[in-house]
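Chemist: Build me a model from this:
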Amino acid sequence: MKKQTLRTAYKQKRKSLTPSTINSLSLEIANQALKLPIWEASFYHLFLTIKHLKEVETEPLLSILYGRDKNIVIPKSDILNGEMSHYLLTDNTTIKPNIWNIPEPQDGLQIKASKLEVIFVPLLAFDKVGHRVGYGKGFYDGFLKNCPNAVKIGLSFFEADEKIKDIQPNDIALDYCLTPNQIYQF
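Modeler: Numbering: from 1, shown residues only. Below you'll find the predicted structure:
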């Protein structure tokens, strides 16, 4: 399928999920992360959940990362230039929603993308070779191209689609995708 068709279909699938189902599936996805060979790294990039879009809840992953004393880095979007900056999450980090209602850091210690070792990536859908469909703004593809050595891990409530047909040269593939039932390695 093409990206726009997948976007529409998977947004609709998410709408049918109840809050308790989202919490349960998100916990299963976090438990899948524990099986990956990523825990020797120090700097982990994690998106903060956009709750009204029924994204995978990242709080269970945050708990795991805190429990393992990892450096957690969260994104901030520059809507005008289509780029993201990245901030170390600390007890003092102020988080507020931006104009798209995405929770973001307001201040803090900025971290260079090149320092990131593991990146958890939001998505709407993905295919069996690791391509993903996001919201279509290109923020993550632009960011991921600057992190060629980082392990890129998608998080999805749903299993892989067969093939995304309109992949572009600037689309960055995942290394893994975690679902409640499976770990996909690409």
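
Chemist: just the strands in this protein please.
Modeler: 43-45, 71-78, 83-88, 95-97, 103-105, 118-121, 125-126, 132-133, 151-155, 176-178, 183-185 (DSSP state E).

Chemist: Pairing partners for the fifth one, with directions?
Modeler: So the one you mean is strand 103-105. Paired neighbours of strand 103-105 in the sheet (DSSP bridges): strand 95-97 (antiparallel).

Chemist: nearest to Ser63, of the strands of the chain?
Modeler: When the strands of the chain are compared by CB to CB, strand 71-78 sits nearest Ser63, at 10.6 Å. Heads up, the C-betas are built off the backbone N, CA and C, glycines and all.

Chemist: got JSON lines for the strands of the chain, with mean neighbour count too?
Modeler: Shown next, in JSON lines, are these (neighbours: other CB atoms under 10 Å):
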{"stretch": "strand 43-45", "mean neighbour count": "24"}
{"stretch": "strand 71-78", "mean neighbour count": "20"}
{"stretch": "strand 83-88", "mean neighbour count": "18"}
{"stretch": "strand 95-97", "mean neighbour count": "12"}
{"stretch": "strand 103-105", "mean neighbour count": "20"}
{"stretch": "strand 118-121", "mean neighbour count": "24"}
{"stretch": "strand 125-126", "mean neighbour count": "26"}
{"stretch": "strand 132-133", "mean neighbour count": "25"}
{"stretch": "strand 151-155", "mean neighbour count": "24"}
{"stretch": "strand 176-178", "mean neighbour count": "24"}
{"stretch": "strand 183-185", "mean neighbour count": "15"}
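
Chemist: Arrange these in CSV, one row each, with mean pLDDT and distance to Lys13 as further columns.
Modeler: Formatted as CSV, the strands of the chain follow (pLDDT from 0 to 100; distance: least, CB to CB, whole Å):
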stretch, mean pLDDT, distance to Lys13
strand 43-45, 98, 26
strand 71-78, 96, 24
strand 83-88, 95, 26
strand 95-97, 95, 24
strand 103-105, 96, 23
strand 118-121, 98, 18
strand 125-126, 98, 9
strand 132-133, 96, 12
strand 151-155, 98, 15
strand 176-178, 98, 16
strand 183-185, 98, 18
